[in-house]
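Enquirer: I need the structure of the sequence given here:
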Amino acid sequence: MAQSQQTTRPDPTLIQRLAMKLINLAGWRVPPFPDVEKAIVVGGPHTSNWDGVIGLSGAVALGLNARFLIKHSAFRGPLGWVLRKLGGIPVDRSKAGGVVGQAVQELRQSERLILVVTPEGTRSNASQWKTGFHRIAREASVPIVVTVADYGTRELRFPLVLEATGDLESDLEQLYDCFASVTPKHPEKLSAPVRERFVSRHSN
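Expert: Next comes the predicted model:
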């Protein structure tokens, strides 16, 4: 396990400066991204649609090549161009290797790629996490960067850079703890593993 580090990057572009200005005007802060060229970004906790807006704005402000896995059928027609511009990567679940195999291939073939996943899914109150991201990180030999939106301090943070190990449960425990350490927009909508730890922290 390694803690996140600051990185030296080129001067921000006009779009980056505008995005950061808007984030700051909204009262939020975004620190530098960890010094990695390729990574799986695990974002959360997911309790509001605003989480995605904040996360996407932060990615633009930091100039990250942030990409997202989206089912290939959504790319048909004019919408495909829009999804690609927004960072969408089409994946076909029916192909050999499935989503994990295709994601690993994308990471191996790219010099720089930040692949964003939301293990809690798109719905609130998830009973458990989807763990495909862990397999992707291990097979592609890239770190997992934990990204959390703290509505208490109004800050997007990167509290942990984790090298995935063969002990999935132990790794997940560290991620759950990171998510439970912040104040979400709607605590009652936390995923079950995170809610348990969040309640424990705040009941003491």
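
Enquirer: output the below-cut-off pLDDT ranges for this structure.
Expert: Applying pLDDT under 70 to the chain picks out residues 1-9, 82-83, 85-86, 93-97, 122-123, 204.

Enquirer: please enumerate the helices of it.
Expert: All helices of the chain, identified by DSSP state H, fall at 14-25, 49-62, 78-85, 98-109, 132-140, 168-180, 192-203.

Enquirer: comparing the ones you listed, which comes out most buried?
Expert: helix 132-140 (a mean of 21; mean count of other CB atoms under 10 Å). In this view, the C-beta of every residue, glycine as well, is placed from N, C-alpha and C.

Enquirer: what angle do it and helix 98-109 make?
Expert: Here helix 132-140 runs at 40 degrees with respect to helix 98-109, directions being taken by axes from the mean of the first three to the mean of the last three CA atoms, to 10 degrees.

Enquirer: export only the CA atoms of helix 132-140, formatted as PDB.
Expert: Provided in PDB are the C-alpha atoms of helix 132-140 (Å, rounded to 0.1, in the frame of the first residue of the first chain):
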ATOM      1  CA  GLY A 132     -14.500  -6.400 -11.500                       C
ATOM      2  CA  PHE A 133     -12.300  -3.300 -11.100                       C
ATOM      3  CA  HIS A 134     -10.000  -5.200  -8.700                       C
ATOM      4  CA  ARG A 135      -9.400  -7.900 -11.300                       C
ATOM      5  CA  ILE A 136      -8.700  -5.300 -14.000                       C
ATOM      6  CA  ALA A 137      -6.100  -3.500 -11.700                       C
ATOM      7  CA  ARG A 138      -4.400  -6.800 -10.900                       C
ATOM      8  CA  GLU A 139      -4.300  -8.100 -14.500                       C
ATOM      9  CA  ALA A 140      -3.200  -4.800 -16.000                       C
END
